[in-house]
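> any chance you can model this:
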Amino acid sequence: MLLLESLLLWFASCAAPAGAAKSLTERDVTVPVRVDGHQGPFPTTTTTTTRGDYSNNNDDGGGVPMSESASYALRAFGQSFRLDIVRDHSFISPAFTVAHVGAPQRGGGGGADELARAVRESGANLSHCFFAGHVNGDASATVALSACGGLRGAFRHGRHQYFIRPELNSSSAVSARRRHVITRRGVSQMFADIEDDDGEDDDVQRCGVNSTAFVGPSREFLERLGRSRNPWTAARSKRFVSLPRYVETLVVADEAMASYHGADLKHYLLTLMAIAARLYRHPSIRNAVHLVVVKLLVISNEEKGPKISSHAALTLRNFCAWQKKFNKGSDKHPEYYDTAILFTKQ
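All right, here's what the predicted structure looks like:
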């Protein structure tokens, strides 16, 4: 079975800034145009915190108003695409928090333990940014993206997976006609060995917290996804009737990731989780798995984080032991999590 980190690693590689293109990944430049009658610049990530349940609510969080649905048209690789999307922030817990581990404590206070020294953000909730939907009216062609500051996310159409992001340093960065970079790769190639296009590895490690920790879609499913426009029709013998299952997730970014992405770190990681959450809700998986991010931990001082090395198994073991002290004793606590994911650029 394929674990969640494989999905995130592939998406992270496609999201990297442009560099030396890889032979298995094609690139193009496009300008998405909104075609549902609404005009104006893309919304920003400036929000206030919102609360609710795991289903969608209609609060824009105080940011730039954005309708509950939108349609964008774009051309790339000689094809036309129409993305019909609706707001979907069901993967972000209403109790979502961000904490910085190892950040300087105001006024000293060296006697406090490590957990007490974690500096909490009041937390701009980016829930108003995220959308999901379909491509060209095809129910099997799914899309998940953020619309804040441009379109950033992924969609699947035919036998290819596409990743789109705003072009860096674009002169049209604040306009509605901002240039975007779009990459594509065959679905069957999604989980080959990969490297960031900037020449640096993005490593992703996942640690299941308890015996109920889930595994992802099988390789057989992903191969079928690449062969068929409607991959579930040939393989399913019963209806999709299982009850929804929520998998609360802790996301951890090390100091190198925080330094590399800067103020965009939270937006970047939540976009990756939005993409992964959308795939885990694909009807072919047969289990209604809903990823829910309950907390983001940013390691501000590497000495306070898990020991990370080039040895993947050792790094995973260190991370699994380290993350336990941040979990809560009861699954009723809003910050309790079932699985923890580490993002590192080391």
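> neighbours around Arg184, how many?
Here the number of neighbours of Arg184 (other Cβ atoms under 10 Å) works out to 22. (Each C-beta comes from the backbone N, C-alpha and C, glycine too.)
> now it: which helix or strand?
strand 180-186 (DSSP states H and E).
> helices along this structure, start to end?
4-15, 219-227, 255-261, 265-280, 312-323 (DSSP state H).
> so which bits of the strand holding Arg184 are buried?
Residues His180, Val181, Ile182, Thr183, Arg184, Arg185 are the ones in strand 180-186 that count as buried (16 or more other Cβ atoms under 10 Å).
> so what touches stretch 252-268?
With Cβ atoms under 8 Å, 6 or more residues apart in numbering as the test, stretch 252-268 has contacts from 15, 45, 98, 124, 126, 129, 146, 148-149, 152, 269, 296-302, 305, 308, 319, 323, 340-346.
> any low-confidence regions in the stretch 101-250 of the chain?
By pLDDT under 70, the weakly predicted segments of the stretch 101-250 of the chain are 104-125, 170-176, 187-206, 208-242.
> which strand residues bridge Val293?
Ile92, Thr249 (DSSP bridges).
> contact partners for it?
Taking Cβ under 8 Å, 6+ apart, we find Val293 in contact with Phe91, Ile92, Ser93, Phe96, Thr249, Val251, Leu270, Met273.
> could you report the pLDDT at the spatially closest residue to the third one that is not a sequence neighbour?
To tie it back to what came earlier, the one meant is Ser93. Closest residue to Ser93 apart from its sequence neighbours, by Cβ to Cβ, 6 or more residues apart in numbering: Val294 at 4.3 Å. For Val294, the model assigns a pLDDT of 94.
> from Arg177, how far off is Val294?
Going from Val294 to Arg177 by Cβ to Cβ, to the nearest Å gives 37 Å.
> tell me the contacts of Phe42?
By Cβ under 8 Å, 6+ apart, Phe42 lies in contact with Ala147, Cys148, Gly149, Gly150, Leu151, Ala176, Arg178.
> which ones among the residues you listed lie within strands?
Using DSSP state E, the subset of the contacts of Phe42 located in strands is empty.
> with neighbour count as extra columns, can I get those residues in TSV?
Shown next, in TSV, are these (neighbours: other Cβ atoms under 10 Å):
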residue	neighbour count
Ala147	22
Cys148	23
Gly149	19
Gly150	24
Leu151	25
Ala176	15
Arg178	19
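> how about those, which pair is most distant?
By the measure Cβ to Cβ, Cys148 and Ala176 form the most distant pair in the contacts of Phe42, at 13.3 Å.
> endpoints of stretch 251-268, how far apart?
Length of stretch 251-268, first residue to last, Cα to Cα, to the nearest Å: 12 Å.
> can you pull the buried residues of it?
Residues of stretch 251-268 classed as buried by neighbour count (16+ other Cβ under 10 Å): 251-258, 260-261, 265-268.
> quick one: the strands in the stretch 51-200 of the chain, in order.
69-76, 79-87, 92-101, 119-121, 130-135, 138-146, 152-157, 160-166, 180-186 (DSSP state E, counting those that start in this stretch).
> tell me the most buried of these?
Neighbour counts (mean count of other Cβ atoms under 10 Å) averaged over each of the strands of the stretch 51-200 of the chain peak at strand 152-157, with a mean of 24.
> got the CA positions of it in CSV?
What follows is strand 152-157, C-alpha atoms only, in CSV (Å, rounded to 0.1, in the frame of the first residue of the first chain):
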residue,chain,number,x,y,z
ARG,A,152,-1.8,27.0,-6.9
GLY,A,153,-2.7,23.4,-6.8
ALA,A,154,-3.2,20.3,-8.9
PHE,A,155,-5.7,18.7,-11.2
ARG,A,156,-6.0,15.5,-13.1
HIS,A,157,-7.3,15.2,-16.6
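> what angle do that strand and helix 265-280 make?
Put simply, strand 152-157 runs at 20 degrees to helix 265-280, going by axes from the mean of the first three to the mean of the last three Cα atoms, to 10 degrees.
> just want the angle from strand 152-157 to strand 79-87.
120 degrees.
> adjust the sequence numbering to begin at 538 for everything that follows.
Noted, 538 is the first residue going forward, which turns the last one into strand 689-694.
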